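Trainee: can you look at this prediction? I've put the sequence above it.
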Amino acid sequence: MKGQGRYSEAEALYREAIEIGAATIGTAHPNYASRLGNLGVNMYYQEKLAEACALLEQALVIRKAALPADHPEIAVNEANLAVVLTKLP
């Protein structure tokens, strides 16, 4: 699927979703991790690699604590993080 390239607009919405999630479902919930991961991928596309890495690492910690080890969301998160890590200086 081709993105629309509206990353800064999406970033604001992801950040809002993260704030809402922290207040409602809590920061240990897998859905909260999904929001962090989505923002991390968005940061990657904006070439904000350090922030992308930090967000994806945070999401991975939450997912590993909340989900079974073989859950597909963990694998996707690890793959996304690996892509970002290959781009870091």
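Mentor: In hand now; what should we look at?
Trainee: okay, CA-based contacts and neighbour counts for the rest of this
Mentor: Noted.
Trainee: tally of neighbours for Glu47?
Mentor: Glu47: 14 surrounding residues under other C-alpha atoms under 10 Å.
Trainee: specify the local secondary structure of it.
Mentor: At Glu47 the chain is in coil, as set by DSSP: H, G, I helix; E, B strand; the rest coil.
Trainee: hang on, Tyr44 packs against Ala52?
Mentor: Yes: Tyr44 is within contact range of Ala52, at 5.4 Å (criterion: C-alpha atoms under 8 Å).
Trainee: overlap of the contact sets of these two?
Mentor: Common neighbours of Tyr44 and Ala52 are listed as Val84 (criterion: C-alpha atoms under 8 Å, 6 or more residues apart in numbering).
Trainee: so those two - more neighbours on which side?
Mentor: For Tyr44 versus Ala52, the count of surrounding residues by other C-alpha under 10 Å is larger for Ala52: 26 against 22.
Trainee: mind listing what the more buried one touches?
Mentor: Leu39, Gly40, Val41, Asn42, Met43, Tyr44, Val84.
Trainee: any idea how far it lies from His29?
Mentor: 19 Å (C-alpha to C-alpha, to the nearest Å).
Trainee: most neighbours among the contacts of Ala52, please name it.
Mentor: Ranked by the number of neighbours (other C-alpha under 10 Å), the contacts of Ala52 place Gly40 first, at 30 neighbours.
Trainee: can you tell me, leaving aside adjacent residues, what's nearest to it?
Mentor: Ala52 (4.1 Å; C-alpha to C-alpha, 6 or more residues apart in numbering).
Trainee: the one you found: helix or strand, and which one exactly?
Mentor: Assigned by DSSP states H and E, Ala52 belongs to helix 49-66.
Trainee: ranges for the helices of the protein?
Mentor: 7-24, 30-45, 49-66, 72-87 (DSSP state H).
Trainee: most tightly surrounded among these?
Mentor: The highest mean neighbour count among those, using mean count of other C-alpha atoms under 10 Å, belongs to helix 30-45: a mean of 23.
Trainee: fine, thanks again, bye for now.
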